[in-house]
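J.: Here is my input; please provide its structure:
(chains A and B)
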Amino acid sequence: MQPAETARAQEAAVNEAALVQRARRNDPAAWEAIVRRYQEPVFRLAYLILDDPADAEDVAQEAFVRAYLALDRFDTERPLRPWLLSIAANLARNRRRSLGRYWGAVQRAFQASPEPYHPPPERTVAADARRLREAVSRLRPLAQDVVYLRYFMELSEAETAEALDVPAGTVKSRLHRALAQLRTIIEDDFPDLQDAFE
Amino acid sequence: MNETQQPLFQDDTLIQLARAYPYPPTPDIAQSVRQQLTDVPTTATNHPRRTPSWAVALAAVIALLVLGMLAVPQTRAAVRSLIARIGAIQLFVDDASPTATPTTASQGVLPAAPTPVPLALLAAAPGEPIALGALNEFAAFPVRLPDVKEPWGEPDSAVVHQVANHSLLTLIWDDPRQPGHPYLTFSQTDIPQLAFKMVSADQVTWLQVQGHDGVWIQGPHTTGLLFDGTATDEQIASNVLLWSDDAMTYRIEGDIAMEDAIRLAESLTTVSPDP
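T.: The predicted structure is shown next:
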């Protein structure tokens, strides 16, 4: 990071800490500023897990409300973004676990894609990214979490460890296993996507 | 491919590709959050405290998460390899799966004591109950029924899940000592991709059922539906016989011995629709 970027990052952190302090003193406007800063990654992570924009919006809202109500317990020395993403991921996973949604997810999957997967002819980067996400979605939930946080949310390994509340070494091993499984899925079911990694 | 001699993926390449993912537009969450927060009771000087309803909700969330972790210890992180596809079911070997233990079932008799059997699909989604005499009206395929009746008797009930133009039909036998508590199910479906199962190698017996490849899974294992981002784990205590022909996947699940499950499976015959 260049010196100017470092200075900007430090300034942003100071501003963020100040906003958190104000929010703790019953200042919803301060929290609204925090929400505006992080609503996109929180919404996107919820969307990746739930695959439904309306559900993702609900989860994102709830995540920010719960975070606000839990601010007294938040350690301001720690980064805010992994903490928010952690709350959103837990809420999204919990929503997906609910029995009422269990079969509904199957219904939606079939309505959206009634036939077995066939690679579309388009080879845009966005299409490849969509295929990558579909491959990731076939991983087990824990493996999905670590891949989404590390590569889609672009958290560092340390931040991913914060978000998952596990040691950094655990993140490394989970990533290794998740990527090994992902490679198998891509080789078996998305062979055309291999070009994107060469 | 030699996994030890090349990196799985370059981090930067993955991040660049993931960055191109076409997310839907982010809604204005800040506005709605602020609206919700203005509705939260606050004290004059302190940060708003969680209301009782929030406390209950959060406790429930934590309890669910904890229970979820306890229910599936270690298994979610230990995917090793996909070893087979049996029709709609993907089978993974997982070294952290629970070790197989003999169940109480013995050949041809009911278990000595009632055993709660968490039958995966029934626990997750009950399906629509249908009359046993009208199975063909609800399935998207010719229904098959077991010809062997002993010692299970006729099924007590049947349910169907309709998914687009596919069906999943399940016959249910209740434990006679606990009416309403299923102890055995037989499912048939033309859904092409449905679920995964995590097993350890010593739980698996490969076999043939009615001339088709199948597998017997002995004892506790993890299963879940497998779709686009919607996989959900459930711990299954019962034994499972799976097999598939070209179009259909069949499953017998419950407190049943392998020999009995095979006997039941080999007796299946197609039910002719009523004229």
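
J.: And the lowest mean pLDDT element among the helices and strands of chain A?
T.: Across the helices and strands of chain A, the lowest-confidence element by mean pLDDT, DSSP states H and E is helix A:99-112, at a mean of 47.

J.: which is the next helix or strand following it?
T.: Under the assignment DSSP states H and E, the closest C-terminal helix or strand after helix A:99-112 is helix A:125-136.

J.: burial of residue B:211, as a residue count?
T.: The number of residues packed near residue B:211 is 9, by other CB atoms under 10 Å in any protein chain shown. Yep, even glycine has a C-beta here, placed from its N, CA and C like the rest.

J.: how deep is residue B:32 tucked in, by neighbour count?
T.: Residues near residue B:32, counting by other CB under 10 Å: 18.

J.: I'd guess it is in a strand, am I close?
T.: No - assessed with DSSP: H, G, I helix; E, B strand; the rest coil, residue B:32 is helix; it does not lie in a strand.

J.: Run through the residues that contact it.
T.: The contact partners of residue B:32, by CB atoms under 8 Å, 6 or more residues apart in numbering or on different chains, come to residue A:61.

J.: Next one, pLDDT for it please.
T.: As predicted, residue B:32 sits at a pLDDT of 85.

J.: before we move on, what about residue B:232?
T.: pLDDT, residue B:232: 52.

J.: need the contact list for the spatially most central residue of chain A.
T.: By CA atoms, centre = their mean, chain A has its centre lying nearest to residue A:45, at 3.1 Å. Residue A:45 is in contact with A:85, A:88-89, A:92, A:148-149, A:152-153, counting by CB under 8 Å, 6+ apart.

J.: Could the C-alpha coordinates of the helix or strand hosting it be exported in CSV?
T.: Element membership of residue A:45 [criterion: DSSP H and E] is helix A:28-50. Only the C-alpha atoms of helix A:28-50 are listed here, as CSV (Å, rounded to 0.1, in the frame of the first residue of the first chain):
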residue,chain,number,x,y,z
PRO,A,28,-29.0,6.5,14.4
ALA,A,29,-27.6,8.9,11.8
ALA,A,30,-24.1,7.8,12.6
TRP,A,31,-25.2,4.2,12.2
GLU,A,32,-26.9,5.0,8.9
ALA,A,33,-23.5,6.3,7.6
ILE,A,34,-22.0,2.9,8.6
VAL,A,35,-24.8,1.1,6.9
ARG,A,36,-24.3,3.0,3.7
ARG,A,37,-20.6,2.2,3.8
TYR,A,38,-21.1,-1.5,4.2
GLN,A,39,-24.6,-2.3,2.8
GLU,A,40,-23.3,-3.5,-0.5
PRO,A,41,-20.9,-6.2,0.8
VAL,A,42,-23.4,-7.3,3.4
PHE,A,43,-26.2,-7.5,0.9
ARG,A,44,-24.0,-9.3,-1.6
LEU,A,45,-22.8,-11.9,0.9
ALA,A,46,-26.4,-12.6,1.9
TYR,A,47,-27.3,-12.9,-1.7
LEU,A,48,-24.5,-15.4,-2.4
ILE,A,49,-25.8,-17.6,0.4
LEU,A,50,-29.5,-17.2,-0.2
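
J.: List the buried residues for that helix?
T.: Neighbour counts over helix A:28-50 (16 or more other CB atoms under 10 Å in any protein chain shown) mark A:28, A:30-35, A:37-39, A:41-50 as buried.

J.: any weak-confidence spans in chain B?
T.: Per-residue confidence for chain B (pLDDT under 70) gives these ranges: B:1-8, B:39-82, B:94-128, B:163-164, B:178-181, B:225-235, B:272-275.

J.: Quick check: residue A:172 vs chain B, distance?
T.: Distance, residue A:172 to chain B, by CB to the nearest CB, to the nearest Å: 12 Å.

J.: Residue A:84 reaches residue A:37, doesn't it?
T.: No - taking CB atoms under 8 Å as the definition, residue A:84 is not a contact partner of residue A:37, at 9.7 Å.

J.: contacting residues around residue B:29?
T.: Contacts of residue B:29 (CB under 8 Å, 6+ apart): A:35, A:39, A:42-43, A:57, A:60-61, A:64.

J.: Can you tell me the closest non-neighbouring residue to it?
T.: Distance criterion CB to CB, 6 or more residues apart in numbering or on different chains; nearest residue to residue B:29, sequence neighbours excluded, is residue A:39 at 4.2 Å.

J.: Now do the contacts for the one you found.
T.: The neighbours of residue A:39, taking CB under 8 Å, 6+ apart as the test, are A:60, A:64, B:26, B:28-30.

J.: now these in TSV, with distance to residue B:259 and secondary structure?
T.: Below are the contacts of residue A:39 laid out as TSV (distance: CB to CB, whole Å; DSSP: H, G, I helix; E, B strand; the rest coil):
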residue	distance to residue B:259	secondary structure
A:60	53	helix
A:64	57	helix
B:26	57	coil
B:28	62	coil
B:29	58	helix
B:30	63	helix
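
J.: From those residues, list the buried ones, please.
T.: Among the contacts of residue A:39, those that count as buried by neighbour count (16+ other CB under 10 Å) are A:60, A:64, B:26, B:29-30.

J.: Would you check which pair of these lies furthest apart?
T.: Pairwise distances across the buried ones among the contacts of residue A:39 peak at 12.6 Å for A:64 and B:26 (criterion: CB to CB).

J.: Packing partners of the helix or strand that contains residue B:137?
T.: In the assignment (DSSP H and E), residue B:137 maps to helix B:135-138. If you count contacts as 3 or more CB pairs under 8 Å, 6 or more residues apart in numbering or on different chains; DSSP states H and E, helix B:135-138 packs onto strand B:128-130, strand B:157-163, strand B:166-175.

J.: Packed most tightly, which of the ones you listed would that be?
T.: Compared across the helices and strands packed on helix B:135-138, strand B:166-175 shows the largest average neighbour count, a mean of 21 (mean count of other CB atoms under 10 Å in any protein chain shown).

J.: Any part of that one near chain A?
T.: Yes - Strand B:166-175 reaches chain A (CB under 8 Å from any CB of the partner chain) through residue B:166.

J.: Report the inter-axis angle for that strand versus strand B:157-163.
T.: Here strand B:166-175 runs at an angle of 160 degrees relative to strand B:157-163 (axes from the mean of the first three to the mean of the last three CA atoms, to 10 degrees).

J.: quick one: strands adjacent to strand B:166-175?
T.: strand B:157-163 (antiparallel), strand B:178-189 (antiparallel) (DSSP bridges).

J.: before we move on, the earlier item: ok, the contacts of residue A:45 vs residue B:150, which is closest?
T.: Taking CB to CB as the measure, residue B:150 sits nearest to residue A:92 out of the contacts of residue A:45, at 48.1 Å.

J.: so which helix or strand takes in that closest one?
T.: Residue-wise, residue A:92 maps onto helix A:80-97 under DSSP H and E.

J.: If I take that helix and helix A:28-50, what angle do their directions form?
T.: Comparing the axes of helix A:80-97 and helix A:28-50 via the same axes, to 10 degrees yields an angle of 50 degrees.

J.: Okay, strands next: where are they in the stretch 151-275 of chain B?
T.: Under the criterion DSSP state E, counting those that start in this stretch, the stretch 151-275 of chain B contains strands at B:157-163, B:166-175, B:178-189, B:195-199, B:204-209, B:212-217, B:221-225, B:232-236, B:239-244, B:249-254, B:268-270.
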